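*Asks:* Coordinates for the following, if possible.
(chains A, B and C)
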Amino acid sequence: MQKPLIYWFRQDLRLHDNPTLSAAVESGKPIIAVYILNEDTSNKWTEGSASRWWLHHSLQELSHTLSQLGSRLILHKGKVTDVLSQLIEETDADALYFSRQYEPYASQLEDRINKLFSDQVEIKRFKGYLLYEPESIRTGSNQPYKVFTPFYKSCLSHSQPLQPIPAPEKINAYKNKVKSELLSQWDLLPTKPNWAMQFSDYWIPGENGAHQVLNEFILHACSKYSVLRNRPDVTGTSRLSPHLHFGEISPRQVWVGIKNSQHNIIDSGEPYLRQLIWREFSYHLLTHWPDFPDKPFRSEFSQFSWKKDNKALHLWQKGQTGYPIVDAGMRELWKTGWMHNRVRMIVASFLIKDLLIPWQQGEEWFWDTLVDANLANNSAGWQWVAGCGADAAPYFRVFNPVLQGEKFDPQGDYVRTWIPELKKLPKKYIHSPWQCPADVLASAQIKLGEDYPHPIVEHSEARDRALNAYHELKAITA
DNA sequence: TTTTGAGTTGTTCGA
DNA sequence: GTCGAACAACTCAAA
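*Replies:* Here you go, the predicted structure:
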């Protein structure tokens, strides 16, 4: 009897355009599909709470679609190497296939697996999570890139992504019984309290949901992306990030879907595709600088005089800073597990520059609360705003939360959606309620300091303080 | 090796 | 109200 093949599902929770799965099917071996919830405590960046919510639903969905192809998703938690070792022994498998991941922990794990099991099983690793392998994009002097634009050009000069490959029509599943745990026993969903209650109003985790979101984006927003992407009050972005993170859709499917679209009348699709390359750039940086999530890329920033201010951090997390655009963003994050990218920059700038709180603390909060929490993108984003990243914003660029609000949420609709206590405030004051005359506040039924907080810092003072801190850093590291 | 041009996303101030 | 300049040099990538 033919020995089975273990397909280890990771961040590739899809059947379409999945080179690993297709290769597994083509091998002709009976397939054991397994997902392992890693419980190795040496990994600092295990899935956060919101990601675990998503993972639960995505696995449920994957399990369902696999069963339609005659297969079954085996579930185990524990240390990945222990689980695999046990599974190989239990089933006498002679092959192990998986998709490559790029996080420092994940690639070390791949090395360990190779060392541990390559004597017993044939190990094959496939790509598919990125359009371009991080090592394949190099400068003229064979170095990794540190600046986005030349990286982008270099990507474009390589061959364009190929057509996605179809899902297998049938999976030759391993027939013998294999032990599995129950998803419900993993406690991935929050219970007391169930703060993710509203997530399902906004998201459909899984491959089908991913394709619905992509089609919606191509039909309605992609062609106006360069304008609408900055508007948190409308659906102008793709909202694909969590789907891409879990590999429910491949970047190649997105790329080709947009390239082939007949709807890109205003924009060519380029402005959005450029964002997909930002994702590649983040992975490029993370692969070559594994410290990226923890340490400033520009090392002199480790001497920056950050403040320890747990009280302010807490107010920021809860959306109680008194700056409506900041608070709206933080509450959107809490309620939906996601925040509009423009607003991510605004709240990050506020935490880092107005409150002088280390960017790592914002990064950690995002890590725990975002359904799209992604090590490469999250750390690159935070370092960029902090000014210590690759190709980062210049130090004097401090976002003004009032101006940003007025510019990108001109009617105040975004603020009113997430801060109901400001619902009746006229748009003139919606981004700066402290400037609102008493009678207008009264008729809007708002008591500042009771219904909605006074600003916890005065922005122009905070801006000066931040600029001074940067000047000091320059002075001591010169 | 040296030179040159460029670098995601902003704000403020003064004419 | 609008517009251009200043903010500060520095590092990267390619010619």
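*Asks:* Domain boundaries for chain A, per the record?
*Replies:* With domains defined by automatic domain parsing, chain A comprises A:5-128, A:130-164+A:206-288, A:299-477.
*Asks:* got the contact list for A:Pro164?
*Replies:* Contact analysis of A:Pro164 by Cβ atoms under 8 Å, 6 or more residues apart in numbering lists A:His16, A:Asp17, A:Ser250, A:Arg252, A:Gln253, A:Val256. C-beta here means a position set from N, CA and C on the backbone, and glycine is covered the same way.
*Asks:* What sits closest to A:Ile218 if chain neighbours are left out?
*Replies:* A:Ser261 (4.8 Å; Cβ to Cβ, 6 or more residues apart in numbering).
*Asks:* ok, that neighbour touching A:Tyr272?
*Replies:* No - using Cβ atoms under 8 Å, A:Ser261 is not in contact with A:Tyr272, being 10.3 Å away.
*Asks:* Out of those two, name the residue with the larger neighbour count.
*Replies:* A:Tyr272 (24 against 17; other Cβ atoms under 10 Å).
*Asks:* For that one, which non-adjacent residue is closest in space?
*Replies:* A:Tyr225 (4.7 Å).
*Asks:* what's the helix or strand for that neighbour?
*Replies:* In the assignment (DSSP states H and E), A:Tyr225 maps to helix A:225-228.
*Asks:* List the buried residues for that helix?
*Replies:* Neighbour counts over helix A:225-228 (16 or more other Cβ atoms under 10 Å) mark A:Tyr225, A:Leu228 as buried.
*Asks:* Find the residues that touch each one of A:Ser261 and A:Tyr272.
*Replies:* Common contact partners of A:Ser261 and A:Tyr272 (Cβ under 8 Å, 6+ apart): A:Cys222.
*Asks:* Number of residues surrounding the closest residue to DNA strand C within the stretch 251-400 of chain A?
*Replies:* Among all residues of the stretch 251-400 of chain A, A:Pro394 sits closest to DNA strand C, at 3.7 Å; criterion: Cβ to the nearest atom of the strand. When neighbours are defined as other Cβ under 10 Å, A:Pro394 has 7 of them.
*Asks:* if I pick it, what's in contact with it?
*Replies:* A:Gly387.
*Asks:* so it, which of the three states?
*Replies:* With DSSP: H, G, I helix; E, B strand; the rest coil as the basis, A:Pro394 sits in coil.
*Asks:* pLDDT at it, what is it?
*Replies:* Note for A:Pro394: predicted pLDDT of 79.
*Asks:* again with A:Ser268
*Replies:* On the pLDDT scale, A:Ser268 is placed at 79.
*Asks:* what's next to the longest strand along chain A, contact-wise?
*Replies:* Ranked by residue count under DSSP state E, the longest strand found in chain A is strand A:31-38. By Cβ under 8 Å, 6+ apart, the list of residues contacting strand A:31-38 from outside reads A:4-9, A:24-25, A:46, A:59, A:62, A:66, A:71-80, A:83-84, A:87, A:91, A:93, A:171-174, A:178, A:186, A:188.
*Asks:* can you give me how far the following helix or strand past that strand is from the chain middle?
*Replies:* Next along the chain after strand A:31-38, taking DSSP H and E as the criterion, comes helix A:49-68. Relative to its chain's centre, helix A:49-68 lies at 17 Å (Cα atoms, centre = their mean, to the nearest Å).
*Asks:* For chain A, which segments count as strands?
*Replies:* Remark: strands assigned in chain A by DSSP E are A:5-9, A:31-38, A:73-78, A:95-99, A:122-126.
*Asks:* confidence score at A:Ile265?
*Replies:* The per-residue pLDDT reported for A:Ile265 equals 64.
*Asks:* same question, A:Gln160
*Replies:* Predicted confidence (pLDDT) for A:Gln160: 88.
*Asks:* Please report how far it lies from A:Arg252.
*Replies:* Look at A:Gln160 and A:Arg252: by Cβ to Cβ, to the nearest Å, they are 10 Å apart.
*Asks:* The two: which is more packed in?
*Replies:* With neighbours defined as other Cβ under 10 Å, A:Gln160 and A:Arg252 compare such that A:Arg252 has more, 21 against 11.
*Asks:* so who does the more buried one touch?
*Replies:* A:Arg252 sits next to A:Asp17, A:Gly128, A:Leu131, A:Pro161, A:Leu162, A:Pro164 when contact means Cβ under 8 Å, 6+ apart.
*Asks:* For it, report the pLDDT, please.
*Replies:* Note on A:Arg252: pLDDT of 97.
*Asks:* what about the closest residue to it other than its chain neighbours, how many neighbours?
*Replies:* If you skip the residues right next to it in sequence, A:Arg252 has A:Pro161 as its closest partner in space, 4.5 Å away by Cβ to Cβ, 6+ apart. If you count neighbours by other Cβ under 10 Å, A:Pro161 ends up with 18.
*Asks:* So what does A:Pro161 have for phi and psi?
*Replies:* In terms of degrees, to the nearest 10, the main-chain angles of A:Pro161 are phi -60, psi 140.
*Asks:* so it makes contact with A:Leu131?
*Replies:* Yes - at 5.3 Å, A:Pro161 and A:Leu131 qualify as touching, with contact defined as Cβ under 8 Å.
*Asks:* so what sits against both of those two?
*Replies:* Common contact partners of A:Pro161 and A:Leu131 (Cβ under 8 Å, 6+ apart): A:Pro251, A:Arg252, A:Trp255.
*Asks:* want to throw the residues you listed into CSV with distance to DNA strand C?
*Replies:* Formatted as CSV, those follow (distance: Cβ to the nearest atom of the strand, whole Å):
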residue, distance to DNA strand C
A:Pro251, 21
A:Arg252, 24
A:Trp255, 21
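*Asks:* Looking at those residues, spot the one nearest DNA strand B.
*Replies:* Once Cβ to the nearest atom of the strand is applied, the member of the shared contacts of A:Pro161 and A:Leu131 that ends up nearest DNA strand B is A:Pro251, at 14.7 Å.
*Asks:* Please look at the closest one and A:Arg279 and confirm they touch.
*Replies:* Yes - assessed by Cβ under 8 Å, A:Pro251 is found in contact with A:Arg279 at 6.9 Å.
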